[in-house]
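Trainee: model this:
(3 chains)
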Amino acid sequence: MPFARWIPQGRATNLTFFIIRRILWMIPVLFFVIVITFFLMHLAPGSPWDREGKQLSPEVIKNLNIKYGLNKPLWEQFYLYIWGIIHFDFGDSLRSPGQHVSDRILVSWPYTFTLGAVTFVLLVPIGIGLGVIAALRQNTLVDYIALGVATFSASTPNFVLGIFLIIVLALGLNSLTGGTFYLNTGGMSSPWNPFQPELIMPVITLGALPTAYIARLTRTSTLDTLRQDFVRTAWAKGLKARLVVLRHVLKNSLIPVVTALGPTFAFLVTGSFVVETVFSIPGIGRTFVTSIAARDYTMILGTTILFAVMIAIVNLIVDVLYVFIDPRVRLTG
Amino acid sequence: MATAIGVAQQVDWDVPEQTGLWKDAWVRFRRNRLAVAGLVFVTVMIVVAIGARLPTTPGGLWHILHLTASPFEQDVTNSYALPSLQHPLGTDILGRDQLARIFYGASISLTIGIVVQFLILFIGGAIGMAAGYFGGWVDNLLMRFTDIMYAFPDLLLVLVFVAAFGPSFWSIFIALGLVYWVGLARLVRGQVLSIKEKEFVEAAIMTGTAPMKLILKHLLPNSLGPIIVTLTFGIPAAIFTEAALSFLGIGIRPPEPSWGVMIEDGYAGIFADPRQVIFPGIAVALTMLSFTFVGDGLRDALDPRMKR
Amino acid sequence: MAQTLLQIEDLYTQFFTSRGVVQAVNGVSLHIDAGETLGVVGESGCGKTITALSILRLVPEPGRITGGRILFRGEDVTKMDDEEIRDFRGNDVAMIFQDPMTSLNPVTKVGFQIEEAMTAHSRFSLSLARTRVVELLKRVRVPAAESRVRDYPHQFSGGMRQRAMIAMGLSNEPALLIADEPTTALDVTVQAQIIQLMKQLNRELGTAMMLITHNMALVASLCQRIVVMYAGRIVEEGPVEQIFKNPQHPYTWSLLRSVPRVDEARKDRLVSIRGLPPDLTNPPPGCKFHPRCPFVIDKCKVDPEPQLGEVAPNQVARCWVLMSNVKPEDVELAKTSVVSVEAAQKLKAEAPEETEASGIAGR
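Mentor: From the prediction side, this is the model:
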């Protein structure tokens, strides 16, 4: 790296440079994402004005194109779009006339955020906890059950799981209790309330697979760590069991798990598409899906950029966190 | 001869019996009951799928054998029928035989799932080999490229591709191939790099062996294992993606009864007849589970370092 | 008189694997007195490490102590409950391991790891432990100890790591320190330094030591007594000078063949004794060493080894033949031959023209 000569000693300074470098790196990545999405949208067959059934008349289409600048050459459109982004203007939604893309996003993202945050906050401790218990009780009944559940959740598509949950918990409970108990399956009553009962099924559906994945990863990593010599050293020193597990085993075995948090977050994002559709939650995931079906270019672009930014930020946070927990990692190059 | 025996006794070497790598792996695979069960299920599914499309009349072989009805034949008077001899899994809202549709759906899911792996192998393999072999700026470029792909969730990219080219079998197929090659490319590149380090490669190059031949002859035996395992695990992922896309309405479109489409239909009518969503759901889950078991079994069987 | 610190009586430790029961420690009895250094030698797999781990009850799964007693100052370690054994480990008896790179927690500071050895037993307060760590590191000759305390293991060199391990082991002033191959993973020059250090510490602190190694030169420099193990049993035991001058068991004799001079410290590996160590799930009949023994006679192939018998003052060995009963010319024959003396003689008798004892290796 060209800056290597100028980085002074001291890890803190290295860390700052590291963060700066990563942020700078995010820019070309985002740009690349925007470019690909933009050109794919515009070069693909079909147009946002296609309607199933009655087609719009050619004059209407022509006027719409002029209104939204779609008749201009592609490069110009792209340039205008980038210009708009810099001013935080993502244009108007093509399918919902009169609405800014940014407005629609602002309206829907709280729902997704609440769903995602609750899921994340639950899945990490549960996943890690299950994995550690399974590892410590390897080859016992607990281990096999945990592994079985994990494999099963990992192999069932989340929307299938969601639908099964609806059938069992909503319909089933409903008929069993003669209609008195009814778990609301539709929507979310409030965008910010983490305790609303409508969240129960979506959270389980969204979180099942990542929990299984984290649990498996923790289990494998912990089993590996338990075999290491330094764990034997810790026992030989006469440390209490709790200290050995927490300070020596977990501190090491959780390192790969932290690395996996980045992809886990990405998975929550893509999972939201499906889960929000199944449970009729008016979040960004569902908005994204409907935009795709409607070929609403501006919405698609806007939400894609949002996702890319969120994921990039989370990846950065995870990388920085990783630097803190593993002293062996080198910050240069 | 007394002396021969005496001498033999003094030098008592313990030489383990060598069997072929594949035979060895098969024996190990067989011991894993889950993997075998998965393999059986997968084979049955493949047979079912083939029979559902060949001969090319609707319903294929199974219809001809009167085992199922045609998957496209509608009979609105008989919608949401209970399971019967005629319709072992009942009918959907349009009176179509669900069993036939599930069989047909199997052909879609399995085709996409399995065949796309070849596309992935082709793209990922070529790029990975190029990156590992040529090194330098080619490698750098490719690695940066894969980093970018990594920062972006796969499903998102697939969705964007499918959005661009319109929902259809082929757009899903190509989208999956264009997005999921990254993992395999990394794997292949790693293998090529580790082979390159070995001294016999230098020696072989000096004696004038064609590099391509070198790679193929030495790379393949070692890396075939992990490649096969990666591709096998890719199958349930591809099946899931197709089902999810179809469920969301941006994948296979009706009347083609992919399992995802069936789930979508069933979901719409969930209060009327929950069964119609359960059957395709179970089909997808079991198929994905079976492939996962097979993948696990292959991984354990092909890894020479795994001790029981 | 020196008091007996550790007394192992008839210890059996077995591993219950899917391929059979491995008799790792097969009736081992030994003792260590206060302040003395006992060497335990043998090839890999002979059970010496497992014996040591058994003392601390750290035998890994699927192994278990299945018989015998381990008496430390009269108390039976095998019968201690969890609290007692925890107090015992690192405090009364400490152990340092072979590979210092993997034996230290890579994500925790070295100073802290030594500190926690002390705070675990409530013998030192936290602040006292902190200062003591620096003292200990200085004592084991780690340069710049004050700043090194805050470093991580990967920032230490191999030799320094082993010194840190030694410091950790000695931090609670244990009565007995078990060192399992302390120099094997280090470079030659560093080995010499560590040996020096251990000699010095032994003099200064008077800690008893159980030194497990296959390095005979190490044994010669540090130990007063030596125990030779093979296939889970002790085959010879006695004072160092006697054993080196006059080994009675053919295995001991084979081990020593590589060290012509006892007072020359050399980096050395075992001159290979032909054949492989026995499969402990399926040991050979009779004496377990007989397939590789240069002096085997028929009785050895059939009858199991005898009990340990006294062959000299304070020296015991278990062998039907015993080196003192072997003719000098046979000893010379054995030195150059790959096959046993018996077989070599037979070969010679049947084919006098061929050079004697060229054996298999000669062809």
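
Trainee: pLDDT score for residue B:43?
Mentor: At residue B:43, the pLDDT value in this model is 92.

Trainee: what's whichever strand or helix holds it packed up against?
Mentor: Under the criterion of DSSP states H and E, residue B:43 resides in helix B:33-53. The contact analysis (3 or more C-beta pairs under 8 Å, 6 or more residues apart in numbering or on different chains; DSSP states H and E) places helix B:33-53 against helix B:21-31, helix B:60-64, helix B:98-110, helix B:275-302. All C-beta spots, glycine's among them, are computed from the backbone N, C-alpha and C.

Trainee: Would you mind listing the buried residues in the first one?
Mentor: Looking back up the chat, that one is helix B:21-31. B:25, B:28, B:29 (16 or more other C-beta atoms under 10 Å in any protein chain shown).

Trainee: In CSV, list those along with distance to residue A:235 and pLDDT.
Mentor: Below are the buried residues of helix B:21-31 laid out as CSV (distance: C-beta to C-beta, whole Å; pLDDT from 0 to 100):
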residue, distance to residue A:235, pLDDT
B:25, 37, 77
B:28, 34, 80
B:29, 37, 82
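
Trainee: nearest to chain C, of the residues you listed?
Mentor: residue B:28 (14.2 Å; C-beta to the nearest C-beta).

Trainee: Which pLDDT value belongs to the residue nearest to that closest one when sequence neighbours are not counted?
Mentor: Leaving aside its sequence neighbours, residue B:28 sits nearest to residue B:301 (C-beta to C-beta, 6 or more residues apart in numbering or on different chains; 4.0 Å). Here, the pLDDT recorded for residue B:301 equals 80.

Trainee: how far away is residue B:301 from residue C:63?
Mentor: Taking C-beta to C-beta, to the nearest Å as the measure, residue B:301 and residue C:63 are separated by 28 Å.

Trainee: one step back: what residues does the helix holding residue B:43 touch?
Mentor: In this structure, residues lying in contact with helix B:33-53 by C-beta atoms under 8 Å, 6 or more residues apart in numbering or on different chains are B:29-30, B:59-62, B:71, B:100, B:103-104, B:106-107, B:109-111, B:286-287, B:289-294, B:296-298, B:300-301.

Trainee: Try it again at 7 Å.
Mentor: B:29-30, B:60-62, B:103-104, B:106-107, B:110, B:286-287, B:290-291, B:293-294, B:296-297 (C-beta atoms under 7 Å, 6 or more residues apart in numbering or on different chains).

Trainee: for that helix, the distance to its chain's centre please.
Mentor: 13 Å (C-alpha atoms, centre = their mean, to the nearest Å).

Trainee: Mind listing what's buried along it?
Mentor: Neighbour-count burial for helix B:33-53 [16+ other C-beta under 10 Å]: B:35, B:38, B:39, B:41, B:42, B:45, B:48, B:49, B:50, B:51, B:52, B:53.

Trainee: relative orientation of that helix and helix B:275-302 in degrees?
Mentor: Per axes from the mean of the first three to the mean of the last three C-alpha atoms, to 10 degrees, the angle that helix B:33-53 makes with helix B:275-302 is 130 degrees.

Trainee: CA atoms only: put helix B:33-53 into CSV for me.
Mentor: The C-alpha atoms that make up helix B:33-53 are tabulated as CSV, following Å, rounded to 0.1, in the frame of the first residue of the first chain:
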residue,chain,number,x,y,z
ARG,B,33,-27.3,-43.1,6.9
LEU,B,34,-28.7,-39.6,6.5
ALA,B,35,-26.7,-39.1,3.4
VAL,B,36,-27.8,-42.3,1.9
ALA,B,37,-31.4,-41.5,2.7
GLY,B,38,-30.9,-38.1,1.0
LEU,B,39,-29.5,-39.8,-2.0
VAL,B,40,-32.4,-42.1,-2.3
PHE,B,41,-34.9,-39.3,-2.0
VAL,B,42,-33.0,-37.3,-4.6
THR,B,43,-32.9,-40.2,-7.0
VAL,B,44,-36.6,-40.8,-6.6
MET,B,45,-37.2,-37.1,-7.3
ILE,B,46,-35.1,-37.1,-10.4
VAL,B,47,-37.0,-40.1,-11.7
VAL,B,48,-40.3,-38.4,-10.9
ALA,B,49,-39.1,-35.2,-12.6
ILE,B,50,-38.0,-36.9,-15.7
GLY,B,51,-41.2,-38.9,-15.9
ALA,B,52,-43.2,-35.8,-15.6
ARG,B,53,-41.7,-34.2,-18.7
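
Trainee: can you state the direction angle for that helix and helix B:98-110?
Mentor: 110 degrees.

Trainee: Quick check: longest helix in the chain by residues?
Mentor: You didn't say which chain, so I picked chain A. helix A:101-136 (DSSP state H).

Trainee: sorry, should have said chain C
Mentor: Chain C, longest helix under DSSP H: helix C:188-205.

Trainee: Briefly note if the following helix or strand past it comes near chain A.
Mentor: For helix C:188-205, the succeeding helix or strand toward the C-terminus, using DSSP H and E, is strand C:208-213. No - Strand C:208-213 does not reach chain A (C-beta under 7 Å from any C-beta of the partner chain); its nearest approach is 13.5 Å.

Trainee: Name the strands paired with strand C:208-213 and say parallel or antiparallel.
Mentor: strand C:37-41 (parallel), strand C:176-180 (parallel) (DSSP bridges).

Trainee: For chain B, what lies in contact range of chain A?
Mentor: Checking chain B against chain A by C-beta under 7 Å from any C-beta, the hits are B:148, B:151-153, B:155-156, B:159-161, B:163-166, B:236, B:240, B:243-244, B:247-250, B:263, B:267, B:270, B:274, B:277, B:281, B:284-285, B:288-289, B:292.

Trainee: same check, this time on chain C
Mentor: Residues of chain C lying near chain A (C-beta under 7 Å from any C-beta): C:56, C:58, C:86-87, C:89-91, C:95, C:97, C:99, C:102-108, C:116-117, C:120-121, C:152, C:154.

Trainee: Now that we have those, which of them are buried?
Mentor: Using 16+ other C-beta under 10 Å, the buried members of the residues of chain C next to chain A are C:56, C:58, C:86, C:89-91, C:95, C:97, C:99, C:102-108, C:116-117, C:120-121, C:152.

Trainee: Correct me if wrong: the residue nearest to residue B:28 contacts residue B:29.
Mentor: Yes - counting by C-beta atoms under 7 Å, residue B:29 is a contact partner of residue B:301 at 4.0 Å.

Trainee: what about the chain, any weak spots by pLDDT?
Mentor: In the absence of a named chain, chain A is used. For chain A, the stretches with pLDDT under 70 are A:1-12, A:44-55, A:68, A:89-98, A:173-186, A:331-333.

Trainee: right idea, wrong chain: chain B
Mentor: Checking chain B against pLDDT under 70 turns up B:1-21, B:59, B:68, B:78, B:198-205, B:208-222, B:303-308.

Trainee: give me every residue that touches the residue nearest in space to the middle of it.
Mentor: By C-alpha atoms, centre = their mean, chain B has its centre lying nearest to residue B:235, at 2.4 Å. Contacts of residue B:235 were listed using C-beta under 7 Å, 6+ apart, and they are B:113, B:114, B:117, B:291.

Trainee: Most neighbours among these, which one is it?
Mentor: residue B:291 (27 neighbours; other C-beta atoms under 10 Å in any protein chain shown).
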